[in-house]
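J.: no sequence on this one, just coordinates:
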Ligand code: GN1
Ligand code: MG
């Protein structure tokens with residue numbers, strides 16, 4: 001992207017700001033995200049949605065705009081400036097649509113940048129874990145009465161274990177000999193865990209655990225904090241869809257309790273922090289306000305294990321497929337991410353028995 005191209009796209013949206021410069025925010029694995037700096041604040045976030053991954057971008061945008069507006073209404077008792085810091089505000093184009101399509105057929109959307117905020121790639125204190133629990137818990141609580149039938153499934157079967165497992169089996173069949181050999185030990189691990197990792201799927205399919213509005217990408221870097229480490233705003237609502245609560249609980253735990261980043265290659269640094277688990281759980285349950293059923297509660301810890309596993313599986317699958325899905329920076333990147341998640345899974349499994357189970 002050149003500066004001129006970005007400035008042009010920025011100016012297709014409805015604002016009266018002057019483009020000064022941009023910065024690429026490279027932490028996502030799928031979309032391209034840019035911070036647009038303007039002559040005077042606010043700044044903006046301009047994002048190109050990857051339409052290879054998200055096949056129907058208009059539906060994705062409609063979903064996230066609906067959720068933002070719903071949250072804005074729920075928080076309408078707060079001052080307007082505060083609401084803008086707590087909920088993502090989408091900006092329409094000059095034509096009144098919520099996205100712009102460029103000459104190459106790329107879809108763009110734009111949001112207000114939330115100033116004086118920060119994100120964590122690695123959590124370094126319990127308070128952040130606790131605040132993260134409150135923030136994601138509040139997101140689920142505030143959207144609990146949103147009519148989930150109004151949301152389309154942006155990526156069908158996104159966290160469906162049978163689907164992810166089938167993709168993995170297919171990848172094993174078509175992988176190069178070299179990658180298959182490299183991955184051999186991990187392929188064995190996947191097979192050993194197959195049954196246990198389908199438990200939640202079955203509970204969902206049989207309706208024993210209900211569908212709710214879920215975020216589906218609750219990694220901790222999708223939570224904004226203020227400079228006092230208070231949770232502010234849940235971002236990246238691309239994958240908001242009906243789902244079970246365990247996905248959101250688990251994906252947050254997967255990233256909060258990892259003592260290193262998802263990209264860390266030194267596996268000695270990758271461990272599961274149980275104190276952060278308990279702190280997150282405390283914040284999460286405070287906000288969910290007794291809204292969870294006994295079965296939902298009982299399976300929270302398995303939700304965490306399942307989400308670590310599913311991410312290990314997806315990175316491994318992409319490695320076997322020759323890196324066709326996630327952005328990668330070097331040849332073994334997906335394999336390194338998979339190894340990282342398998343190490344986290346092992347560390348978590350060793351501590352699993354010390355986690356409180358609700359009966
Ligand atoms: C992807 O692009 P990003 O970072 O928001 C992925 C998530 C994974 C995550 C792992 C649509 O999210 O499911 O948890 O990478 N999103 C999609 O970091 O596949
Ligand atoms: Mg995402």
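T.: Received the coordinates, thanks. Predicted model, so just to flag it, every value in this text is computed and none were measured. Ligands and ions are numbered 1, 2, ... in the order given.
J.: which strands and helices sit next to the longest helix anywhere in the chain?
T.: Longest helix in the chain, counting residues (DSSP state H): helix 300-320. Contact analysis of helix 300-320 by 3 or more C-beta pairs under 8 Å, 6 or more residues apart in numbering; DSSP states H and E lists helix 161-174, helix 177-193, helix 199-205, helix 245-256, helix 333-351 as its packing neighbours. For the C-beta atoms, the positions are set from N, CA and C on the backbone; glycine is no exception.
J.: what about the helices in the chain?
T.: Ranges of helices within the chain are 3-10, 57-74, 80-86, 126-142, 161-174, 177-193, 199-205, 245-256, 274-288, 294-298, 300-320, 333-351, based on DSSP H.
J.: among those, which is the most enclosed?
T.: Burial of the helices of the chain is given as mean neighbour count (mean count of other C-beta atoms under 10 Å); helix 245-256 ranks first at a mean of 27.
J.: Contacts for it, please.
T.: 123, 128-129, 132-133, 136, 139-140, 159, 200, 209, 212, 214-221, 262, 273, 276-277, 280, 284, 292, 296, 299-300, 302-308, 311, 341, 344 (C-beta atoms under 8 Å, 6 or more residues apart in numbering).
J.: So for that helix, mean pLDDT?
T.: For helix 245-256, mean pLDDT is 98.
J.: again, but for stretch 25-35
T.: Here stretch 25-35 scores 96 as its mean pLDDT.
J.: So it, near ligand 1 or not?
T.: Yes: where contact is defined by C-beta under 6 Å from any ligand atom, part of stretch 25-35 touches ligand 1, namely 28, 29, 30.
J.: can you redo these as CSV with neighbour count and distance to residue 1?
T.: Below are these laid out as CSV (neighbours: other C-beta atoms under 10 Å; distance: C-beta to C-beta, whole Å):
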residue, neighbour count, distance to residue 1
28, 18, 15
29, 17, 18
30, 17, 16
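J.: Does residue 143 touch residue 234 like I think?
T.: No: using C-beta atoms under 8 Å, residue 143 makes no contact with residue 234, being 9.9 Å away.
J.: Can you pick out the residue with more neighbours from these two?
T.: More crowded of residue 143 and residue 234, by other C-beta atoms under 10 Å: residue 234, with 27 against 21.
J.: Could you list the residues of the chain in contact with ligand 1?
T.: 28, 29, 30, 53, 217, 219, 236, 239, 262, 311.
J.: From residue 250, how far off is the fifth one?
T.: I take that to be residue 217. 12 Å (C-beta to C-beta, to the nearest Å).
J.: From ligand 2, how far out is residue 66?
T.: 17 Å (C-beta to the ion, to the nearest Å).
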